[in-house]
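Enquirer: return atomic coordinates for the entry below.
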Amino acid sequence: MDPDIILAVFLIFMTGLIFSPLGLGGGVIFMPILHYLLGWEIKVAILGSLILVWSVAMGSQIAHNRQGFGDIKMAQKGSLFAIPGAIIGTIIGYLLIEIISDITIKIMALSIVSWILYKAIIRMLNREDITGEAIGEMNEKYWSIGVFFGGMSSGLLGIGGGGIFVTTNRNYGGFDTKSASGTSFMLAAMVVPTAIISHIIIDGSAPQIYELATAYAIIIPFLVASLSFTGAKYAINYLPVKTITSLFIIIISFSMIKYTQEIISMIV
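Expert: Have a look, this model is predicted:
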């Protein structure tokens, strides 16, 4: 087997395992792995990333739900905003790639990743937040807007929207860290299928994924879901919030660096 494929599969498994307690689907890592390491064109990498994100969401939400972390009613309410956002994001992404260039998607991905990283660092610097308690009270207006943009980022960038969902839940939903993560996975489990179907219809890239991934297209998502369940179950019980946030900052930084390098190389 090609060493790049072995490395890609390993990184995909590790991403599912490590990101599962964070409320994130791992799309910020899956997308670069599929695009940069395996050489998939951007629209195919987005669809592949969404499939993996959904696997993480399905496995992780079960673990969070069993521990009582997450609010299914709020997730259902949020899906009313996030699902239309996912469809709109898919359409915008398709038009940007076809009319301009996939560099626009990478610039937007870098912007969102940078914002998520900034918010994570701020949380690390806030001693009160390290306890995992809620940052702010429920603000339905801002929460709804944040959830909508989380859904839009899912369709646009193939990242699941978890980073935005978690941040929105913490700042405007009145959730503590673990409940914010559990609710984020519930939202992603509802929203990502819409983004997947939208990409299949608009991009027509499903046959390309099967051709490129072959048997892995079926096997890997199931394994990722299992690893995500295991990772979320372990982390919920044993890892402190500060440790989880630190791991997230380290991992997401690598994705940010890769996007930055390519954007600079294309501009210079």
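Enquirer: what ranges does the protein have for its helices?
Expert: 3-19, 27-32, 42-66, 72-99, 103-125, 127-130, 140-157, 162-172, 177-203, 206-213, 216-238, 241-267 (DSSP state H).
Enquirer: what's the fifth one in contact with?
Expert: Residues lying outside helix 103-125 but in contact with it, judged by CB atoms under 8 Å, 6 or more residues apart in numbering, are 28, 31, 42, 46, 93, 96-97, 129-130, 135, 153, 156-157, 159, 163-164, 167, 170, 242, 245-246, 248-249, 252-253, 255-256, 259-260, 262-263, 266. Every residue, glycine included, has its C-beta placed from N, CA and C.
Enquirer: any quick ChimeraX command for the buried ones out of those residues?
Expert: A single ChimeraX command selects the buried members of these (16 or more other CB atoms under 10 Å):
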select :28,31,42,46,93,96,97,129,135,153,156,157,159,163,164,167,170,245,248,252,255,256,259,262
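Enquirer: burial measure for Leu17, as a count.
Expert: 22 (other CB atoms under 10 Å).
Enquirer: same check, this time on the one 10 residues further on
Expert: The tally of other residues near Gly27 (other CB under 10 Å) stands at 30.
Enquirer: which residues does it contact?
Expert: Neighbours of Gly27 in contact, by CB under 8 Å, 6+ apart: Ser49, Leu50, Leu52, Val53, Ser154, Leu157, Gly158, Ile159, Gly160, Gly162.
Enquirer: and for Gly85?
Expert: Counting by CB under 8 Å, 6+ apart, Gly85 has contacts Val147, Phe148, Phe149, Gly150, Gly151, Met152, Ser153, Ser154, Gly155, Val191.
Enquirer: please apply the same query to Ser144.
Expert: Counting by CB under 8 Å, 6+ apart, Ser144 touches Gly78, Phe81.
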